[in-house]
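S.K.: Here you go, sequence then predicted model.
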Amino acid sequence: MSSQTPIRRTRQTKIVATLGPSSSTPAMIRQLVETGVDVFRLNFSHGSHADHGERVKAIRAVERDTGRPIAIMADLQGPKLRLGTFAGGPVDLTPGQSFRLDLSREPGDAARVGMPHPEIFAALEPEAELLLDDGKVRLRVTACGADFAETVVIAGTRLSDRKGVNVPGVVLPLSPLTAKDRTDLAFALDQGVDWVALSFVQRPEDVAEARKLIAGRAALLSKLEKPQAIQHLERIVELSDGVMVARGDLGVEMPPEDVPSIQKRIVREARMAGKPVIVATQMLESMISAPAPTRAEASDVATAVFDGADAVMLSAETASGAYPIEAVSIMDRIARRVEQDTLYRAMMDAQHADPEQTAADAITAAARQVAHTIKAAAIVTYTTSGSTTLRAARERPEVPILCLTESSAAARRLMLAYGVHAVLTEDVQSFADMVHKAARIAYAHGLADDGQRLVITAGVPFGMPGSTNVLRIAWVERPSQPGPGARSEHAAIDARAAMADAD
């Protein structure tokens, strides 16, 4: 544990930042954490293993220095569907003209181009649409076979080498894990990443395949970027540890007017399931080159916070942009301002999941209500696996959730969850030890002060995952004559249990 005063966030919504050329030095990573980053994303679509390995080392060094758990997410590239090349550079297209796609590796021209993906041809049918270059060029299939597709240009006037291909409305017979992804996944797991983000999820089976390979070494986050995944949303959320609303590809393959309502649907589904959910892509896009966002971008971030997302994410803004610190700072300020709005609290309180008929859910739901009624400073959860803390986060309480755990893996993974302030600590042996330690750490980390109360939940017997069955209230008392450095984890803070155990 660092001797410095622990970093204390004054917001519940977490910030994910992508590392890249603009943000990978140890000094910059430290500054990003101090400014507000809770989770770092490593984008395996770019950079070498050596690059990502150095970033992991730098993050862990900052973690040791600050004493604050930091989550690392490895974002796998997934299948990239692209055209071949053109013999004479970019070609000009005319809406209404014919254009052929085939498996030939010969450079293309204004009449045809190679598309080295037999899986696409196998899934195509007449009248299917193909979107090229993020939807800038649209083709409609008129005839197709195992190695070709005759199309007509619906929209778009220019096409160049290796542009991306999207096939909306068609389930492609592709695994989300390419040979490159499997190599990247093995490397990321050996580096000790906390979350793995799976791209190109189409079906629940895709999630099951990745989970088998990860084998519990990291939490699995499914990126929802394909319309086909939305058809299986409930099952995909159930099989995942968390989800991401990846609005970039969703906005290509679906009508733009559908994306906002789908975003809300995904966030709500994840919240009801108690799974962390990230809203991502183009949140502060203009800040790649500008020191301040547009008003529309600020409103976009605010909307994700109002929806109750666990986290909002920065991509190129921090990876390659000119203003990574400023982007994190404004995202932090927007989130804090929204969370102070009375409308925000009303919206969170209006959307609570019905608790399951278990002691754990009953205790957790009661903890939020008790904390509100007695104006507690924080809810404290003791957890081994993280399940107790995730239940608390699902309730979206108005106070921070202090997660005490002896598992560094659980502490780091929970940094993605709403309102969680995770602290590594040795396991407790008794109720008295539990209450005393909760009050001492809450005080040391600036979550509670003299005379304030805590709502504490835990499971008996201690150390058994998922056994939350105790709720206690404690007062925090500062010693009458505190010595120098009293606000440290080792300060002599006492607590008096004020409620009988609830079993």
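M.R.: Sure, I can see it.
S.K.: didn't Asp92 look like it was pressed against Val153?
M.R.: No - between Asp92 and Val153 there is no contact, the gap being 10.6 Å when judged by C-beta atoms under 8 Å. (Each C-beta comes from the backbone N, C-alpha and C, glycine too.)
S.K.: which one of the two has more residues nearby?
M.R.: With neighbours defined as other C-beta atoms under 10 Å, Asp92 and Val153 compare such that Val153 has more, 19 against 9.
S.K.: Tell me what that one is bridged to.
M.R.: Leu139 (DSSP bridges).
S.K.: ok, now how distant is it from Val141?
M.R.: 12 Å (C-beta to C-beta, to the nearest Å).
S.K.: Tell me who's in contact with Arg162.
M.R.: By C-beta atoms under 8 Å, 6 or more residues apart in numbering, Arg162 lies in contact with Arg82, Leu83, Gly84, Thr85.
S.K.: hmm, 6 Å instead?
M.R.: Arg82 (C-beta atoms under 6 Å, 6 or more residues apart in numbering).
S.K.: Helix, strand, or coil at it?
M.R.: coil (DSSP: H, G, I helix; E, B strand; the rest coil).
S.K.: Apart from its chain neighbours, what residue comes closest to Met254?
M.R.: The shortest distance from Met254 to any residue other than its chain neighbours is 5.4 Å, reached at Pro227 (C-beta to C-beta, 6 or more residues apart in numbering).
S.K.: Who are the contact partners of that neighbour?
M.R.: Pro168, Glu253, Met254.
S.K.: Looking at these, spot the one nearest Ile401.
M.R.: Of all the contacts of Pro227, Met254 has the smallest distance to Ile401: 34.4 Å, by C-beta to C-beta.
S.K.: Count the residues that sit near the closest one.
M.R.: For Met254, using other C-beta under 10 Å, the count is 17.
S.K.: again with Ile379
M.R.: 29.
S.K.: ok, now Arg158?
M.R.: 12.
S.K.: now swap in Lys264 and tell me
M.R.: Neighbourhood size, Lys264 [other C-beta under 10 Å]: 18.
S.K.: how close does it get to Arg247?
M.R.: 12 Å.
S.K.: State the next helix or strand along the chain beyond the helix or strand that contains Phe306.
M.R.: In the assignment (DSSP states H and E), Phe306 maps to helix 295-307. Counting by DSSP H and E, the next helix or strand C-terminal to helix 295-307 is strand 311-314.
S.K.: right, and the helix or strand after that next one?
M.R.: Next along from strand 311-314, by DSSP H and E: helix 316-319.
S.K.: List the buried residues of the helix or strand harbouring Ala74.
M.R.: Following DSSP H and E, one finds Ala74 within strand 71-75. For strand 71-75, the neighbour count (16 or more other C-beta atoms under 10 Å) marks Ala71, Ile72, Met73, Ala74, Asp75 as buried.
S.K.: need the contact list for the spatially most central residue of the chain.
M.R.: Per C-alpha atoms, centre = their mean, the C-alpha nearest to the average position across the chain is that of Ile278, at 3.9 Å. The contact partners of Ile278, taken as C-beta under 6 Å, 6+ apart, are Val16, Met244, Ala311, Met313.
S.K.: Which single one of those residues is nearest to Val338?
M.R.: Ala311 (13.7 Å).
S.K.: If you drop the residues flanking it in sequence, what lies closest to the closest one?
M.R.: In this structure, Ala311 finds its nearest non-sequential neighbour in Lys14, 3.9 Å apart by C-beta to C-beta, 6+ apart.
S.K.: before we move on, what about Arg265?
M.R.: Arg265 sits nearest to Leu233 (C-beta to C-beta, 6+ apart), 7.2 Å away.
S.K.: Likewise for Tyr382?
M.R.: Closest residue in space to Tyr382, ignoring its immediate chain neighbours: Ala458 at 4.0 Å, by C-beta to C-beta, 6+ apart.
S.K.: First-to-last residue distance for stretch 280-294?
M.R.: End-to-end distance of stretch 280-294 (C-alpha to C-alpha, to the nearest Å): 17 Å.
S.K.: buried set for that stretch?
M.R.: So for stretch 280-294, counting by 16+ other C-beta under 10 Å, buried means Ala280, Thr281, Met283, Leu284, Glu285, Ser286, Met287, Ile288, Ala290, Pro293.
S.K.: and these as TSV, adding pLDDT, secondary structure and distance to Gly419?
M.R.: What follows is the buried residues of stretch 280-294, written out as TSV (pLDDT from 0 to 100; DSSP: H, G, I helix; E, B strand; the rest coil; distance: C-beta to C-beta, whole Å):
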residue	pLDDT	secondary structure	distance to Gly419
Ala280	97	strand	19
Thr281	92	coil	24
Met283	97	coil	20
Leu284	98	coil	22
Glu285	96	helix	27
Ser286	98	helix	29
Met287	98	helix	26
Ile288	97	helix	29
Ala290	98	coil	31
Pro293	98	coil	24
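S.K.: Save those residues as JSON lines, and put in distance to Val62 too.
M.R.: JSON lines is the format used below for those (distance: C-beta to C-beta, whole Å):
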{"residue": "Ala280", "distance to Val62": "23"}
{"residue": "Thr281", "distance to Val62": "26"}
{"residue": "Met283", "distance to Val62": "23"}
{"residue": "Leu284", "distance to Val62": "23"}
{"residue": "Glu285", "distance to Val62": "27"}
{"residue": "Ser286", "distance to Val62": "28"}
{"residue": "Met287", "distance to Val62": "23"}
{"residue": "Ile288", "distance to Val62": "24"}
{"residue": "Ala290", "distance to Val62": "27"}
{"residue": "Pro293", "distance to Val62": "26"}
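S.K.: Could you chop this protein up by domain?
M.R.: 14-78+177-343, 91-166, 359-497 (automatic domain parsing).
S.K.: quick one on the thing from earlier: what pLDDT does the residue nearest to Tyr382 get?
M.R.: On the pLDDT scale, Ala458 is placed at 82.
S.K.: Over to it: give its phi and psi.
M.R.: phi -160, psi 170 (degrees, to the nearest 10).
S.K.: low-confidence ranges in this protein?
M.R.: Scanning the chain with the threshold set as pLDDT under 70 gives 1-5, 461-467, 479-503.
S.K.: what's the longest helix in it?
M.R.: The residue-count maximum for a helix in the chain (DSSP state H) belongs to helix 49-66.
S.K.: export it as CSV, just CAs?
M.R.: What follows is helix 49-66, C-alpha atoms only, in CSV (Å, rounded to 0.1, in the frame of the first residue of the first chain):
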residue,chain,number,x,y,z
HIS,A,49,3.1,-7.5,-28.0
ALA,A,50,6.2,-5.7,-26.9
ASP,A,51,4.3,-2.4,-26.9
HIS,A,52,1.4,-3.8,-24.9
GLY,A,53,3.8,-5.6,-22.5
GLU,A,54,5.5,-2.3,-21.6
ARG,A,55,2.1,-0.7,-21.1
VAL,A,56,1.1,-3.4,-18.6
LYS,A,57,4.4,-2.9,-16.7
ALA,A,58,3.8,0.8,-16.5
ILE,A,59,0.2,0.4,-15.3
ARG,A,60,1.2,-2.0,-12.6
ALA,A,61,4.0,0.3,-11.5
VAL,A,62,1.5,3.2,-11.1
GLU,A,63,-0.9,0.8,-9.3
ARG,A,64,1.8,0.0,-6.8
ASP,A,65,2.8,3.6,-6.3
THR,A,66,-0.8,4.9,-5.8
